[in-house]
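A.B. asks: Test case, fold it:
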Amino acid sequence: MTRTPHPEVLVSVDVETSGPTPGTGSLIALGACLVVAPGETFYREIHPVEGIPWDRATERIHRLTRPILAERGVPPADAMSDLVAWLGRVAPAPARPVFVGFNAPFDWMFVADYLHRFTGDNPFGYGALDLKAVYLGRHGVTRWSETTQQHVRRIHPIAQRHTHHALEDAVEQAELARRLLGLPEPEPGAPAP
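C.D. replies: Next comes the predicted model:
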């Protein structure tokens, strides 16, 4: 008996953090959108976890300071609960959300940690679709160092700039995912699912 696989919903996810790992930095911004419907978005700025180090060099990249996050951010548990609710709406059961990222191991590591720590579950499961690896395999690249944004954009020019704003970068990644995976571009003005 052949089982019909559950539908998969590709979700482009990008994060900004205050350090290199969940133990040495906080998840401070999370942006997501559907790969095939990038107008369907999720974004939260998140309070840093007390006692977790703060890297000033990283702050200069994303420009999210502690005072900004104190004013605009939400507690991590609220952000993760909101993400789970959004995923439930855009990928209702039995569909499965699939985490998509550019250097997905980094982003997935923070999201998985926070989902388990603050909600007890990770709807994405234990894997992610890494666009750098897709590019490497699809184009026969033999060196990981040749999978940077600069290299990828030479072959797959993207209209969006990489801004280090989690939602803008998630939308940028969705465009790249559609190109790498041969998915159709969304119709201009098309409603989100």
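
A.B. asks: Now do the same contact list for residue 26.
C.D. replies: 17-19, 46-49, 52, 54, 76 (CB atoms under 8 Å, 6 or more residues apart in numbering). All C-beta atoms are positioned from the backbone trio N, CA, C, and that covers glycine.

A.B. asks: could these go into JSON lines alongside secondary structure?
C.D. replies: Output for the contacts of residue 26, formatted as JSON lines (DSSP: H, G, I helix; E, B strand; the rest coil):
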{"residue": "17", "secondary structure": "strand"}
{"residue": "18", "secondary structure": "coil"}
{"residue": "19", "secondary structure": "coil"}
{"residue": "46", "secondary structure": "strand"}
{"residue": "47", "secondary structure": "coil"}
{"residue": "48", "secondary structure": "coil"}
{"residue": "49", "secondary structure": "coil"}
{"residue": "52", "secondary structure": "coil"}
{"residue": "54", "secondary structure": "coil"}
{"residue": "76", "secondary structure": "helix"}
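
A.B. asks: Present those as CSV; the columns should include distance to residue 107, pLDDT and neighbour count.
C.D. replies: CSV is the format used below for these (distance: CB to CB, whole Å; pLDDT from 0 to 100; neighbours: other CB atoms under 10 Å):
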residue, distance to residue 107, pLDDT, neighbour count
17, 9, 97, 27
18, 14, 96, 24
19, 14, 95, 19
46, 14, 98, 28
47, 19, 98, 19
48, 17, 97, 21
49, 17, 95, 18
52, 17, 94, 16
54, 19, 94, 15
76, 16, 98, 21
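
A.B. asks: Next, count neighbours for the residue lying closest to residue 80 once chain neighbours are set aside.
C.D. replies: Using CB to CB, 6 or more residues apart in numbering and skipping the chain neighbours, the partner closest in space to residue 80 is residue 118 (4.2 Å). Using other CB atoms under 10 Å, residue 118 has 19 neighbouring residues.

A.B. asks: Hmm, residue 118 is touching residue 83, no?
C.D. replies: No: judged on CB atoms under 8 Å, residue 118 makes no contact with residue 83 at a distance of 9.6 Å.

A.B. asks: so who does residue 66 touch?
C.D. replies: Per CB under 8 Å, 6+ apart, neighbours of residue 66: 48, 54.

A.B. asks: So what does it look like in phi/psi?
C.D. replies: phi -60, psi -50 (degrees, to the nearest 10).

A.B. asks: Quick one: the helices in the chain, in order.
C.D. replies: 56-62, 66-72, 76-90, 104-119, 131-139, 149-155, 166-181 (DSSP state H).

A.B. asks: what distance separates the fifth one from the centre of its chain?
C.D. replies: This means helix 131-139. 17 Å (CA atoms, centre = their mean, to the nearest Å).

A.B. asks: export that helix as CSV, just CAs?
C.D. replies: What follows is helix 131-139, C-alpha atoms only, in CSV (Å, rounded to 0.1, in the frame of the first residue of the first chain):
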residue,chain,number,x,y,z
LEU,A,131,19.9,27.1,-0.4
LYS,A,132,23.7,27.1,-0.3
ALA,A,133,23.7,23.3,-0.5
VAL,A,134,21.1,23.4,-3.3
TYR,A,135,23.2,25.8,-5.3
LEU,A,136,26.3,23.7,-4.7
GLY,A,137,24.6,20.6,-6.0
ARG,A,138,22.7,22.1,-8.8
HIS,A,139,25.7,24.0,-10.3
